[in-house]
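> How does the following fold in three dimensions:
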Amino acid sequence: MAKEKGLVKYRELLKWLKTDCGLGHGHANAMILYILDPKLAKKKILADARKEK
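Sure thing, here's the model as predicted:
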C-alpha cells in the first residue's frame, strides 16, 4: 500500500501509518523498517525471538 501511495520517506510513512492506519509510534517504526528494508527487519525479528528463549 505504501508503494501504491508513493510513500518512500520515513516521515511520510510515519504520518500515514499513525494517522490513516491508527498505529502507535513504536509499531509504525517497526512497519517502516519492514517497508524500507525487509531483510534487516526479518533479521531483527529472528534475533529478538532468540533473545526471548
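> Next, find the distance separating the closest residue to residue 2 other than its chain neighbours from residue 53.
Of all residues not flanking residue 2 in the chain, residue 35 sits nearest, at 5.3 Å (CB to CB, 6 or more residues apart in numbering). Where you see a C-beta, it was placed from the backbone N, CA and C, and this is true even at glycine. Using CB to CB, to the nearest Å, one gets 28 Å for the distance from residue 35 to residue 53.
> What strand or helix carries the residue nearest the centre of the chain?
The chain has residue 31 as the residue nearest its centroid, 1.5 Å off, counting by CA atoms, centre = their mean. Element membership for residue 31, per DSSP states H and E: helix 25-36.
> quick one: average confidence on that helix?
Across helix 25-36, the average pLDDT comes to 94.
> Repeat that for stretch 42-53.
In the prediction, stretch 42-53 has an average pLDDT of 88.
> And stretch 2-17, by the same measure?
95.
> So what's the residue count around the residue nearest to residue 2?
For residue 35, the neighbour count with other CB atoms under 10 Å is 17.
> repeat for residue 42
12.
> Thought residue 13 was touching the residue nearest to residue 2, still the case?
Yes: applying CB atoms under 8 Å, one finds residue 35 in contact with residue 13, separated by 6.3 Å.
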